[in-house]
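K.L.:
What would the 3D arrangement of this be:
(chains A and B)
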Amino acid sequence: MSPVLQVFRKEIREIVRDKRVRNAATVMPLFVVALLMSLFGVIGGVVNKDAKRRIHVVASASPYLAQLRKAKNLEIVEVPTEAAGVKLVEDGKARLLAIFEPPKDGIEHIVLRSDPKEDGAQIAKGAFQAAFTPTIAAYAATALSTVGLTPDRLSPIAFDEKPVQVGSKEGASSLLVSFLPYILVLFTFTGGVALAADLVAGEKERSTLETLLIAPVGRTEIVLGKFLALTAVCVAAAISGLLGFVLSAFLRRGDDLMFKSGLGLTPLGAAETFLILLPLAATFSGVLIAVSAYARNSREAQTYLGILNLFVMVPAVFSQVIGFTDLASAPWLPFVPILGAAAGIRSILLGKATLMVVLGPVTVGVVLAGLALFAAVRLFHREGVLLRV
Amino acid sequence: MIVTQGLTKRFVDKKSGNVVAVDDLSFEARPGRVFGLLGCNGAGKTTTLRMLSTVLTPTAGTALIDDIDVTKDPGAVRARIGFLSTSTALYGRLTALETLAYFGGLYGLKGAELKRRTEAAVDRLEIGPFADRLCDKLSTGQKQRVSIARATLHDPPVLFFDEPTAGLDVVASQAVLEVIEAARDAGKTVVFSTHIMSEVERLCDDVAVIHDGRLVGLGSAGELKAQTGEATLEGAFLKLVHFERALGRIGTEGRA
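P.N.:
This next block holds a predicted model:
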């Protein structure tokens, strides 16, 4: 067995026995994602269910209130007076209070009272107004017919929507598209961070590194063995994160906003995602080893890694909102480190991946991984760096 | 056999500037003998051993291990040496047996040969009762026995012991000293670094006294005593060190 594989095998054996690294690379991504997504599903369900149904109204004989009671998606709660209803809004016990006032000039006036800062109130208001949409449309049609017009003549412009199918028909929900790339990139990094400080800086601190340096194995081979082990941990963390999504999709059975279109990953999409993640993991691994080699001890390494975390977080977070900007279609985007990878996974989830979207991040990842690895090897050959503690 | 000629190591330190850790060191260590490196803390013993074991590259001079230059073929040198010190630790999450298998593999041992040597080391050093225990769970003495097995598993012709008894109790220290004696009797070249005079007198055939990186005395313990006119090795050592101070040849501080 080559020395590289021997070092790799030994590192993997130690990793498997290290509860902290094991949790960070597998258990945490799996359960944190599953828990987080299930929580989003539950919250989403509660928001839809509650805000659409419960409307408080001041008791009234208005025929429109009678009509409102027939709306299936609304739960009408009567209050005796406006003051009593306002008190409920102030106490956070009611989101929307409707007061049916006497008609003026044949028009029914409904006063809506709510806290404009509450998102739930806005949702309730929308549901309330939607309940009257058929009535308003019928009224408008009747009124227009008296002057010989139809409702479609009311506007000089008509809009006809004809969706353009870009890429495949399959695709994930927009919520999942914004979450999954971010989570995958982040866990690929954080999975490795848990191990990185220990891998070289920790060995310096515990004086095990010198034992290894005295063995007849080249320093480049030592770095390669450690690099492969760390890359495997980064990939394991990403796969665990993905499995967390699969688990939460299974638990929610696709009935919420997040998974209404399933995961949106075809087998080809999964392969492309893995293809993007692999060089990204290698890049993270190379950088983490270089940082760990440079640090005097684990504590110093953790300080550097904390700073490094920002360089990963910022593009990963930006990938969540990139769809709202023109940058999503910029030709250079696939070549931006980290962001290009996250944007690539996003395109795959949307079913719109092109060759460049996949090959760009892969190329950048391979080049950066090579550079980071080169830096790590160089540091391993600098005795002033390697032996300082 | 070890031959050093003008071996020198300089460091650049941000605070102290140029630091000469080892200065123009020349000596020979022969097979079947124990060569002692005697010096105070920070005298340059560990730096010397690190250069001989190829961990550090000499700034000047040469060092040959069995006629192989440490700078020209460090891999071949490392294959011929074993290194033991109290500061070289074990991997806590590997068992004693896994540690031996790992390092045996790195030294090119495999299959039946690796198994045979591991079993022999386990028997010789009485590692059996804790062979499958993680190194983190071993006592200091048990760890030292595993370290000895690791350092000698590949049966190297040259052995370095860098203050191997520091921090050990009397029983554990005795075991280490016996290993050194056994290595000498087996015809190996042994370099033994220490500042404990009794160990030097018991083990060392030749002694190099190092102070502030420079060789200030070389010979057997008896010769050093005769050279300085002292009755004890400790007296001879102190005289050699003080002699250097009196001449005002002390250089910089902070030697490794």
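K.L.:
Extract the residue ranges of the stretch 101-250 of chain B that are flagged as low pLDDT.
P.N.:
Residues of the stretch 101-250 of chain B that meet the criterion pLDDT under 70 lie in B:243-250.
K.L.:
please redo it, this time with the cut-off set to 50
P.N.:
In the predicted model, the stretch 101-250 of chain B carries pLDDT under 50 at residues B:246-247, B:249-250.
K.L.:
Chain A contacts on that one?
P.N.:
By the criterion of C-beta under 8 Å from any C-beta of the partner chain, the positions of the stretch 101-250 of chain B lying close to chain A are B:Tyr102, B:Phe103, B:Gly105, B:Leu106, B:Tyr107, B:Gly108, B:Lys110, B:Leu134, B:Arg150. Every residue, glycine included, has its C-beta placed from N, CA and C.
K.L.:
So the fourth one is in contact with A:Leu213, correct?
P.N.:
Which is B:Leu106. No - look at B:Leu106 against A:Leu213 with C-beta atoms under 8 Å: they stay out of range, at 11.1 Å.
K.L.:
any idea how far A:Ala124 is from A:Ala83?
P.N.:
For A:Ala124, the distance to A:Ala83 (C-beta to C-beta, to the nearest Å) stands at 20 Å.
K.L.:
What ranges in chain A fall below the confidence cut-off?
P.N.:
Low-confidence segments of chain A (pLDDT under 50): A:254.
K.L.:
Quick check: A:Lys87 vs A:Ala94, distance?
P.N.:
Relative to A:Ala94, and taking C-beta to C-beta, A:Lys87 is found at 9 Å.
K.L.:
between these two, which one's more packed in?
P.N.:
Regarding A:Lys87 and A:Ala94, a neighbour count based on other C-beta atoms under 10 Å in any protein chain shown identifies A:Ala94 as having more, with 23 against 14.
K.L.:
Need the phi and psi values for that one.
P.N.:
phi -140, psi 140 (degrees, to the nearest 10).
K.L.:
list the contacts for it?
P.N.:
By C-beta atoms under 8 Å, 6 or more residues apart in numbering or on different chains, the contact list for A:Ala94 reads A:Arg54, A:His56, A:Val77, A:Val79, A:Gly85, A:Leu88.
K.L.:
What of A:Arg53?
P.N.:
For A:Arg53, the residues meeting the contact criterion (C-beta under 8 Å, 6+ apart) are A:Asn73, A:Leu74, A:Glu75, A:Ala127.
K.L.:
Determine which two of those residues are furthest apart.
P.N.:
Maximum pairwise distance in those, criterion C-beta to C-beta, is 10.4 Å, between A:Glu75 and A:Ala127.
K.L.:
neighbour-wise, which of the two wins?
P.N.:
Here A:Glu75 and A:Ala127 are compared on neighbour count by other C-beta under 10 Å; more neighbours surround A:Ala127, at 20 against 12.
K.L.:
Helix or strand for the more buried one, just tell me which one.
P.N.:
Assigning secondary structure by DSSP states H and E places A:Ala127 in helix A:119-131.
K.L.:
repeat for B:Ser198
P.N.:
Per DSSP H and E: B:Ser198 is located in helix B:197-203.
K.L.:
now what about that helix, what contacts it?
P.N.:
With contacts defined as C-beta under 8 Å, 6+ apart, helix B:197-203 is touched by B:34, B:36, B:38, B:165, B:177, B:180-181, B:184, B:192, B:194, B:207, B:221, B:232-234, B:237.
K.L.:
Out of those, flag the one nearest to A:Thr26.
P.N.:
Within these, distances to A:Thr26 taken as C-beta to C-beta reach their minimum at B:Thr165, with 43.0 Å.
K.L.:
show me what contacts the closest one?
P.N.:
Counting by C-beta under 8 Å, 6+ apart, B:Thr165 touches B:Thr86, B:Ala172, B:Ser173, B:Val176, B:Leu177, B:Thr194, B:Ile196, B:Glu199.
K.L.:
gap between the two ends of stretch B:129-144?
P.N.:
Criterion C-alpha to C-alpha, to the nearest Å; first-to-last residue distance in stretch B:129-144 is 15 Å.
K.L.:
ranges for the strands of the stretch 201-350 of chain A?
P.N.:
With DSSP state E, counting those that start in this stretch, the ranges of strands along the stretch 201-350 of chain A come out as A:260-263.
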